[in-house]
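In: No sequence on hand, only this structure:
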């Protein structure tokens, strides 16, 4: 069965088939660095075009995945009647965590952020709340 190419892949094949012999010709015969760099850039651009998927993930599927995770977070926050404002902070592994106190807080408690254990129901000092891992 023959492989079906799209326009990007045809362009990529064309750029590679132009760039490969022109690289050798401009380097060995013409001895011109400018043309050699141009030919190498054609090869790189052609290889990049060959790697573009012909059927990317549709936007509605990505939106569905995001909505699913957001609905779960919303259900968790509504179940425990959370009224406090969220405090976003980075974790040690580079992700972003979000502490949402169950009750309103009067003063920011940023000095105790490092002491929070990584579990869903947690305490920051005397304040109890939910630790949410936001999507994205």
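Out: Alright, I've got the coordinates. All values derive from a computational prediction rather than experimental measurement.
In: Tell me the first helix or strand C-terminal of the lengthiest helix in the chain.
Out: What stands out as the longest helix in the chain, according to DSSP state H, is helix 59-79. Scanning forward in sequence from helix 59-79 by DSSP states H and E, the next helix or strand is strand 87-90.
In: for that following strand, packing partners?
Out: With contacts defined as 3 or more C-beta pairs under 8 Å, 6 or more residues apart in numbering; DSSP states H and E, the secondary structure elements packing on strand 87-90 are strand 96-101. Placement of C-beta: from N, CA and C, glycine included.
In: List the buried residues in the next helix or strand after the strand it packs on.
Out: Scanning forward in sequence from strand 96-101, with DSSP H and E defining helices and strands, the next element found is strand 121-124. Burial within strand 121-124, assessed by neighbour count using 16 or more other C-beta atoms under 10 Å, is assigned to residue 124.
In: Walk me through the domains of this protein.
Out: 7-51, 59-132 (automatic domain parsing).
In: so where's the protein shaky on pLDDT?
Out: In the predicted model, the chain carries pLDDT under 70 at residues 1-4, 105-116, 136.
In: Let me know the helix or strand that the nearest residue to residue 27 once chain neighbours are set aside is in.
Out: Distances taken as C-beta to C-beta, 6 or more residues apart in numbering put residue 36 closest to residue 27, at 4.6 Å, once the chain neighbours are dropped. Secondary structure from DSSP H and E places residue 36 in helix 33-51.
In: for that helix, the distance to its chain's centre please.
Out: Helix 33-51 has its C-alpha centroid displaced from the chain centroid by 27 Å (C-alpha atoms, centre = their mean, to the nearest Å).
In: How about the contacts made by residue 22?
Out: Contact criterion C-beta atoms under 8 Å, 6 or more residues apart in numbering gives 35, 38-39, 42 as the residues in contact with residue 22.
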